[in-house]
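> sequence plus the predicted model coming up.
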Amino acid sequence: MKSWYSLSLGDGIMAATPSAEIEELFKRQFSAAGEPLEMAVFTRLESEGRLHCEVIAYFSPAAAKVAGAVDALPCEKPLRIGLGLLVGDPGCWSVLFPELDRGASLLVINAKGEIS
């Protein structure tokens, strides 16, 4: 299995600049590669017990060249929960997270703390 990559982009405010740089790099590589569905970059706010959240970018294996250009490090495939698509084709979700298309469901906890 090919590796995913991750990179801290800083807190929510500081992440805008590196996010824009990643988008620009990605768009060139994406176009040159023929816009494959499996090529994408996702972001998620993570706190890991810290006071301030940190934005983490996750690069799919097909985005390895972009990841390398920004010195992202190899990591495990991220969990789907809380991810947002930074750049790539919206159809990438079903390719990169096929478990969601096979009837797997996510538990959702509403404002009352109830699971639905």
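Cool, the structure landed.

> for the chain, what's the longest helix?
Among the elements of the chain assigned as helix by DSSP state H, the one spanning the most residues is helix 16-32.

> helices or strands next to that helix in the packing?
Of the remaining helices and strands, those touching helix 16-32 by 3 or more C-beta pairs under 8 Å, 6 or more residues apart in numbering; DSSP states H and E are strand 4-10, strand 40-46, strand 54-59, helix 64-69, strand 84-88. (Each C-beta comes from the backbone N, C-alpha and C, glycine too.)

> would you mind finding the most buried of the ones you listed?
strand 54-59 (a mean of 23; mean count of other C-beta atoms under 10 Å).

> give the rounded mean pLDDT of that one.
Within the predicted structure, the mean pLDDT of strand 54-59 is 95.

> closest to the centroid, which residue in the chain?
For the chain, the residue lying nearest the average C-alpha position, counting by C-alpha atoms, centre = their mean, turns out to be F42 (1.8 Å).

> about what we covered before: I'd like the helices and strands packed on helix 16-32 laid out as CSV, including distance to L96.
CSV is the format used below for the helices and strands packed on helix 16-32 (distance: least, C-beta to C-beta, whole Å):
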stretch, distance to L96
strand 4-10, 9
strand 40-46, 6
strand 54-59, 10
helix 64-69, 14
strand 84-88, 9
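
> need the nearest residue in space to G68, chain neighbours excluded.
Spatially, and ignoring its direct neighbours in sequence, G68 is nearest to Y5 (7.9 Å; C-beta to C-beta, 6 or more residues apart in numbering).

> list the contacts of the one you found.
Taking C-beta atoms under 8 Å, 6 or more residues apart in numbering as the criterion, Y5 is in contact with 58-59, 63-64, 67-68, 72-75.

> state the distance from it to P61.
As judged by C-beta to C-beta, to the nearest Å, Y5 and P61 stand 8 Å apart.

> and the longest helix of the chain, which residues are buried?
By neighbour count on 16 or more other C-beta atoms under 10 Å, the buried set for helix 16-32 is 18-19, 22, 25-26, 30.

> of the residues you listed, closest to P90?
Minimum distance to P90 across these is 13.0 Å, recorded for F30 (C-beta to C-beta).
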